[in-house]
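Trainee: give me a 3D structure for the following:
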Amino acid sequence: MTSPDLPAELRAALNAKLEGLSRSDAAGRATVISETYRAGGGSGMIRTETDALAYALARMPATYAAVVASLNALTEIRPDFSPTSLLDVGAGPGTASWAAAEVFSSLHDFILLDANAALRTLALDLTRKSGRLRGITYELGQARTFVAHAEAADLVIASYMINELNETERTALIDTMWARTKDTLLVVEPGTPAGYARIIAQRARLIAAGAHVIAPCPHDGACPLVAPDWCHFSQRLQRSRAHKQVKGADAPFEDERFAYVALSRTEVAARPSRVLAQPDVGKVEVAAKLCTPEGVVVTRVPRRAKADYARARRWRWGDAVEISVAGRPGLVRDCARGRDP
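Mentor: Residues are numbered from 1 along each chain as shown. Predicted coordinates for the structure are as follows:
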């Protein structure tokens, strides 16, 4: 599994940009930007180098962690997937490209796209001395127009960006991105009911167009969850000193809630179940809410099944797991952590 924390090379590049920057000014700008996003706005308020850096300090660690967690889930189901080309749509400061570069050593062609000039400038500065990313191509322009003329890529990622579009624009962009996807498309959104709704709508549209879900779902059917429940996950990441200062936070960590879907032109024969919430670990049993090929179930692993109970105690929210289908609620294999009985 790739670590959810920013790679050392990226941390060093960010720290170099911090020299001479007023942390209080950056914190103020980060607050304004965050409030705008929460109110449904986009990146239009990011206009200057300080704005871009404040945004990167506040949001890049959490966005990176969510994209890495999503890519880790993808590679668990398809360990043989070795993309060589990436199209990063709505790339911002290049977060998803850094994440994909860490997960896939096979990647060597990186094409990034965003309409925000300040974020593009920052991304190019951060990758200037990178061994993997200094040769990226970063196009400045509107997503749908550029993607329609872009070369197809093995892996296409849109992270935390379709929320900035209206429904008509979002649907058109998803169709265009899928047309430029040679193999796999990953969409990551905030882990809110609205973010989940956007993911589910695009998931259904692309399945109808012939796509196959790789993760997190163990099936290509309709989502079995019923409102007010929604599918989302959480990734913990460590906060640097600068991150805490800009966020105005004391806690040494942050939990990023996100929703995602990875869809591919390649069908997977069998997909494991997914843990939908942190399991309830008791002295008598482990109770876990799972999305399975048959729907949502609460599986209970009794303590008397010692080996299965010991493994189920290590299940975590978001894990891919296989459970027995022979009548007893035991564990066959813990896919997410690679442990076999």
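
Trainee: how about low-confidence regions in this structure?
Mentor: 23, 36-42, 44, 243, 245, 324-341 (pLDDT under 70).

Trainee: how is it divided into domains?
Mentor: Domain assignment for the chain, taken from the TED database, gives 8-264, 273-321.

Trainee: in TSV: these, plus distance to residue 1.
Mentor: No exception for glycine: its C-beta is placed from N, CA and C like everyone else's. Conversion of the domains of the chain to TSV gives the following (distance: least, Cβ to Cβ, whole Å):
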stretch	distance to residue 1
domain 8-264	5
domain 273-321	11
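
Trainee: kindly reformat those domains as TSV containing distance to residue 2 and mean neighbour count.
Mentor: Converted to TSV, the domains of the chain look like this (distance: least, Cβ to Cβ, whole Å; neighbours: other Cβ atoms under 10 Å):
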stretch	distance to residue 2	mean neighbour count
domain 8-264	5	19
domain 273-321	14	18
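
Trainee: tell me the contacts of residue 254?
Mentor: Counting by Cβ atoms under 8 Å, 6 or more residues apart in numbering, residue 254 touches 61, 62, 236, 237, 239, 243, 247.

Trainee: my error: substitute residue 182 in the last question.
Mentor: Residue 182 is in contact with 85, 152, 153, 154, 265, counting by Cβ under 8 Å, 6+ apart.

Trainee: all strands for the stretch 151-300 of the chain, in order.
Mentor: Secondary structure of the stretch 151-300 of the chain by DSSP state E, counting those that start in this stretch: the strands cover 153-159, 181-190, 212-215, 233-238, 253-264, 273-275, 280-281, 285-292, 295-302.

Trainee: with the stretch 1-150 of the chain instead?
Mentor: 85-89, 109-114, 137-140.

Trainee: residues contacting the closest residue in space to residue 230 that isn't next to it in sequence?
Mentor: Distance criterion Cβ to Cβ, 6 or more residues apart in numbering; nearest residue to residue 230, sequence neighbours excluded, is residue 196 at 4.0 Å. Contact analysis of residue 196 by Cβ under 8 Å, 6+ apart lists 189, 230, 231, 232, 259.

Trainee: ok, and what's touching stretch 145-155?
Mentor: So stretch 145-155 is contacted by 83-87, 89, 100, 104, 107, 109, 111, 113, 139, 173, 176-177, 179-186 (Cβ under 8 Å, 6+ apart).

Trainee: now with 6 Å?
Mentor: 83-87, 113, 139, 176-177, 180, 182-184 (Cβ atoms under 6 Å, 6 or more residues apart in numbering).

Trainee: which phi and psi values does residue 133 adopt?
Mentor: phi -110, psi 0 (degrees, to the nearest 10).

Trainee: just give the nearest non-adjacent residue to it, would you?
Mentor: Among residues not flanking residue 133 along the chain, residue 127 sits closest, at 4.0 Å (Cβ to Cβ, 6+ apart).

Trainee: rewinding a little: nearest to residue 169, of the strands of the stretch 1-150 of the chain?
Mentor: Closest of the strands of the stretch 1-150 of the chain to residue 169 is strand 85-89, at 12.6 Å (criterion: Cβ to Cβ).

Trainee: residues contacting that closest one, please?
Mentor: So strand 85-89 is in contact with 96-97, 100, 107, 109-113, 143, 150, 153-158, going by Cβ under 6 Å, 6+ apart.

Trainee: follow-up on the earlier one: nearest to residue 218 among the strands of the stretch 1-150 of the chain would be which one?
Mentor: Judging these by Cβ to Cβ, what sits closest to residue 218 is strand 85-89, at 26.1 Å.

Trainee: including distance to residue 162, could the strands of the stretch 1-150 of the chain go into a markdown table?
Mentor: Below are the strands of the stretch 1-150 of the chain laid out as a markdown table (distance: least, Cβ to Cβ, whole Å):
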| stretch | distance to residue 162 |
| --- | --- |
| strand 85-89 | 9 |
| strand 109-114 | 13 |
| strand 137-140 | 18 |
